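> Here's my sequence, what's the structure:
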Amino acid sequence: MKDNYLVIMAGGIGTRFWPISRSHFPKQFHDVLGVGKTMLQQTAERFDGIIPHENIYVVTSEEYANLIQEQLPFLKDYQILCEPQRRNTAPCIAYAAYKISKINSKAKLVVVPSDHVILKTEEYQNKIKIALKAASEPVMVTLGIMPTRPDTGYGYIQFQPKAEDVLTVKTFTEKPNLELAEAFLDSGDYVWNAGMFIFSVKTFKKELNKHQSRLAEQFEEGMVLYYSEGESEFIKKVYGVCKNISIDVGLMEKSRDVKVVLADIGWSDLGTWKSLYEVHEKDENQNVIDGNALTYETTNSIIKSSSDKLIVVKGLKDFIVVENDNVIMICPKEEEQAVKLFVEDATSFGDQYS
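Down below sits the predicted model:
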C-alpha cells in the first residue's frame, strides 16, 4: 500500500445542483444522500484498506481548504493542494503527480472526482485493485462504467472486447448525439467515461512530456519547491500561464497505450437533481423526500429541505422542490437544465444567492 496514492479532485462548484451547491459551499461538502457523511468523506472512505491516509491528497480551490481540513481532519497541510484558479483536470493532476513524485518515484495514483455516487463499494474496490495492478505496467488506465441508457451527457470509451479484466481502449468520444449514443449502446463495446484514472507517476510524466511538453516543463520546474514554503508562490505563477485543458483531451485521447477496466459499481456523477432522484430511495408514491415534508397527490418528485423548515406540496408530478438557506427552487424534472440559467439570474439579487 505504501506506493498507492489517492488524488481527489475537489475544486468544482456543481452549478447544476443549485441551490444546495453554492460557490461558497459546493455539493462535495454536503451530505447529499442523507447518510451522515459528505460526498468528500465518502470518496476518501472508499479507499480504506487500499490507500493509507498519509497518501491521500486533495486538489481544490484555495477557498475550500478549511472545509476540507474540517471534513478530513487526518490530512496534513501539505496533502491539501490549493489551485489559485481553475485550469481543468490536466494541470490539476499534473500538480499532484509532480509533487508526489518528489517523495516517491514509484508512486501509483488513483485520481477520482470528489462528488460521485458509488453504491457497490466492494465491487468498486475490487476494480480499483485490478487497475492498480495494471498500472504497474507503462499504461494509462481508466474505469469504464457499464452504460444503462443512451445518455448524451457522458463521454464514451470504445474497447477491444476480450475475456480479460483489463481491456485495450480503441477510441474516446465526447458527449455524442442521441442517435450515436444509441448505436454505442447497441454495439456492446462502449462504456461511459467516469473521469477516474489510474497510473504510475513515471508513466504520467512520460506521457505528459510526449503530448503536453510545455505543461510538463512548467510543473517540472517546481520539483525543488514542492513541500517547501516556496511551493504556493510557484504554483500561482504556473497557474497564471499554464494551458486550460482536460486530461481526456490532453493525454488520454492521444496516448497509444490506454487500458480500461469495466465496472458495474452503481455509479452516478450526481451532476443533476434528476440523477439524485434516480439513485435515492423512494417512498410509495415514488417521491424522494429529504427533510420535513407533507405531500398530497404528489408523485415522482424530489423534495429536499433543511431540518428547520417544513415544505407542504400538493398536486405535483415529476417536480424538483428544493429549499436551502435563502433560496427555494421549484422546477419540473424534465427542465432541470434551466438550473444554470437560474444561477445566472439569481446573481442579480446579490452574490449570496449564487
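> Assign the residue nearest to residue 261 when sequence neighbours are not counted to helix, strand or coil.
Leaving aside its chain neighbours, residue 261 sits nearest to residue 131 (4.9 Å; criterion: CB to CB, 6 or more residues apart in numbering). Heads up, the C-betas are built off the backbone N, CA and C, glycines and all. The local conformation at residue 131, judged by DSSP: H, G, I helix; E, B strand; the rest coil, is helix.
> pretty sure residue 131 contacts residue 108?
No: the criterion here is CB atoms under 8 Å, and residue 131 misses it with residue 108 at 9.3 Å.
> Contact partners for residue 63?
Counting by CB atoms under 8 Å, 6 or more residues apart in numbering, residue 63 makes contact with residue 24.
> now the worst-scoring helix or strand of the chain on mean pLDDT, how far from the centre of its chain.
When each helix and strand of the chain is scored by mean pLDDT, DSSP states H and E, helix 273-279 comes last, with a mean of 88. Here the centre of helix 273-279 is set off from its chain's centre by 16 Å, with CA atoms, centre = their mean, to the nearest Å.
> Stretch 3-21 now?
Worked out by CA atoms, centre = their mean, stretch 3-21 lies 5 Å from the chain centre.
> Please save the CA atoms from that stretch in PDB.
Taking Å, rounded to 0.1, in the frame of the first residue of the first chain, the C-alpha atoms of stretch 3-21 are listed here in PDB:
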ATOM      1  CA  ASP A   3       3.200   3.200  -3.100                       C
ATOM      2  CA  ASN A   4      -0.600   3.700  -3.700                       C
ATOM      3  CA  TYR A   5      -1.800   7.300  -3.600                       C
ATOM      4  CA  LEU A   6      -5.200   8.800  -3.900                       C
ATOM      5  CA  VAL A   7      -5.800  12.200  -5.600                       C
ATOM      6  CA  ILE A   8      -9.200  13.600  -5.000                       C
ATOM      7  CA  MET A   9     -10.300  16.500  -7.300                       C
ATOM      8  CA  ALA A  10     -12.500  18.700  -5.200                       C
ATOM      9  CA  GLY A  11     -12.400  22.200  -6.700                       C
ATOM     10  CA  GLY A  12     -15.700  22.200  -8.600                       C
ATOM     11  CA  ILE A  13     -18.800  24.300  -7.800                       C
ATOM     12  CA  GLY A  14     -21.500  21.900  -9.000                       C
ATOM     13  CA  THR A  15     -23.700  24.600 -10.500                       C
ATOM     14  CA  ARG A  16     -26.400  22.200 -11.800                       C
ATOM     15  CA  PHE A  17     -27.000  21.200  -8.200                       C
ATOM     16  CA  TRP A  18     -28.000  24.700  -7.100                       C
ATOM     17  CA  PRO A  19     -29.400  25.900  -4.700                       C
ATOM     18  CA  ILE A  20     -27.800  23.200  -2.500                       C
ATOM     19  CA  SER A  21     -24.400  23.600  -4.200                       C
END
